[in-house]
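# Structure of the sequence below:
(one chain, ligands or ions: 1)
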Amino acid sequence: MKILFAGAGALGSRLGYMLFKNNEDVTFIDSWEEHVENIKNKGLKVIIDDKDLGNYYIPTYRPDQVNGKFDVVFVATKSMQLRPMLEQVKHLFHEDTKIICILNGLGHVQTLKDYIKEENILIGVTVWTSGLGGPGVLNAHGTGKIELKQVKEVNLEKTLELVSRLNNSGLNIKYSNDTFQSIWHKAGLNCVLNTYCTLIDCNINQYGSFDKNLELTRAVLNEVTAVGKAEGIDVKQDVIEKNIKNLFPLETAGAHYPSLYQDMKNGRLTEIDYLNGEVSRLGKIHNIPTPVCDIITLMIHSKEFINGNK
Ligand code: NAD
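Predicted coordinates:
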């Protein structure tokens, strides 16, 4: 089984390393020249929970250097890079290639459907976390899990076999019919914490310490919940509010600055169009006003613009 990671950044290289270490046939594609060269020449340096686990010579290429067909493709770019990546790798799919997409945010199935049959799309959500300590260096902590669903359940037994095989490498995937609800619950949390921490310039604990944080949270979640329900998803606002609150203490994730905050600080474009921006877009389709998400999306874009982020 040939497995491709289309994007071998923080998340891709962590999951790819786990599969490679368990003797799966893994190939990485990435456009970051220095990252590709370092992995080629020195191997991917793997540091997990502050332990150096050695260097792994995972075959790694730029997109234009790869040929052949792959059976499983993990897309692991940022949300706004998904379509350009799919354009670059679509010739590597065969009739039955399965694409696994566990990017954060909303709206990815629509994009994937332009490239592959619905029955070959496995959409999901993950709480694995990961980081890079420079080009060619994976630096991650903790463990995680993935929730996954085949968008159109045809030959489900084959998908379940794949899940079981991937789990032999410790990916900890649960096949679940509640996956879309979980995607919306995670997106709802990100629509609140990623954006407000960025705009207020604070970590999650500081956000939670403001006595009126629930007002801010609900201003966003009322819209997320209404739009999600209009999309046919049973979004449970009380669950998202509880999940957010659980992250406030310093012992959980309070000291953390969300990924959108870090992208903004590091001069990169953010995933806002796949969070609050997507809620606004879907709201228009369903005739549901989303003034808070509209303004937050514009504010994040204005900050990207003023910072000169690319
Ligand atoms: P990342 O920026 O570290 O990795 C993306 C990689 O894709 C980069 O190395 C980039 O060079 C490469 N890339 C982008 N476009 C490309 C193209 N056209 N051709 C080739 N390579 C290309 O991002 P990440 O942190 O791994 O996040 C990926 C997704 O997973 C995001 O949606 C993120 O929100 C989500 N996610 C990340 C984590 C985490 O802890 N890092 C956890 C859960 C979910």
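# where along the protein do the strands fall?
2-6, 25-29, 44-48, 51-56, 60-61, 70-75, 93-101, 121-126, 137-140, 146-150, 173-175 (DSSP state E).
# JSON lines for the ones you listed, including mean pLDDT?
Converted to JSON lines, the strands of the chain look like this (pLDDT from 0 to 100):
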{"stretch": "strand 2-6", "mean pLDDT": "98"}
{"stretch": "strand 25-29", "mean pLDDT": "98"}
{"stretch": "strand 44-48", "mean pLDDT": "98"}
{"stretch": "strand 51-56", "mean pLDDT": "98"}
{"stretch": "strand 60-61", "mean pLDDT": "98"}
{"stretch": "strand 70-75", "mean pLDDT": "98"}
{"stretch": "strand 93-101", "mean pLDDT": "98"}
{"stretch": "strand 121-126", "mean pLDDT": "98"}
{"stretch": "strand 137-140", "mean pLDDT": "97"}
{"stretch": "strand 146-150", "mean pLDDT": "98"}
{"stretch": "strand 173-175", "mean pLDDT": "98"}
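# could those strands be laid out in TSV, adding mean neighbour count and distance to Leu199?
Backbone N, C-alpha and C define where each C-beta goes, glycine included. Formatted as TSV, these follow (neighbours: other C-beta atoms under 10 Å; distance: least, C-beta to C-beta, whole Å):
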stretch	mean neighbour count	distance to Leu199
strand 2-6	25	31
strand 25-29	23	34
strand 44-48	20	32
strand 51-56	12	36
strand 60-61	22	37
strand 70-75	23	29
strand 93-101	18	28
strand 121-126	22	24
strand 137-140	20	28
strand 146-150	22	29
strand 173-175	18	34
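# Of those, which is nearest Asn246?
strand 121-126 (16.6 Å; C-beta to C-beta).
# Tell me the neighbouring strands of the closest one, and mark each as parallel or antiparallel.
Strand 121-126 has its sheet partners listed here by DSSP bridges as strand 93-101 (parallel), strand 146-150 (antiparallel).
# Let me know whether that strand sits next to the ligand.
Yes. Under the criterion of C-beta under 6 Å from any ligand atom, the ligand is reached by strand 121-126 at Thr126.
# At the contact with the ligand, which residues of the stretch 51-200 of the chain appear?
63, 76-79, 81, 84-85, 88, 103-104, 126, 128-130, 132.
# Which one of the residues you listed sits in the busiest neighbourhood?
Highest neighbour count within those: Ala76, with 28 neighbours (other C-beta atoms under 10 Å).
# any idea of the pLDDT on the nearest residue to it once chain neighbours are set aside?
Spatial nearest neighbour of Ala76, excluding adjacent residues (C-beta to C-beta, 6 or more residues apart in numbering): Gly12 at 3.1 Å. Note on Gly12: pLDDT of 98.
# Near Gly12, how many residues? Count them for me, please.
22.
# Next, work out how far apart it and the ligand are.
6 Å (C-beta to the nearest ligand atom, to the nearest Å).
# Pull the contacting residues for that residue.
By C-beta atoms under 8 Å, 6 or more residues apart in numbering, Gly12 lies in contact with 5-6, 28, 30, 74, 76.
# If we use 10 Å, what do you get?
Gly12 is in contact with 4-6, 28-30, 74-77, 130, 138, counting by C-beta atoms under 10 Å, 6 or more residues apart in numbering.
# got it, and Asp201?
257, 261, 264-265.
# Name only those of these that count as buried.
257, 261, 264 (16 or more other C-beta atoms under 10 Å).
# what would the strands of the chain look like in JSON lines with distance to His108?
Below are the strands of the chain laid out as JSON lines (distance: least, C-beta to C-beta, whole Å):
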{"stretch": "strand 2-6", "distance to His108": "13"}
{"stretch": "strand 25-29", "distance to His108": "18"}
{"stretch": "strand 44-48", "distance to His108": "26"}
{"stretch": "strand 51-56", "distance to His108": "28"}
{"stretch": "strand 60-61", "distance to His108": "24"}
{"stretch": "strand 70-75", "distance to His108": "8"}
{"stretch": "strand 93-101", "distance to His108": "5"}
{"stretch": "strand 121-126", "distance to His108": "7"}
{"stretch": "strand 137-140", "distance to His108": "23"}
{"stretch": "strand 146-150", "distance to His108": "12"}
{"stretch": "strand 173-175", "distance to His108": "17"}
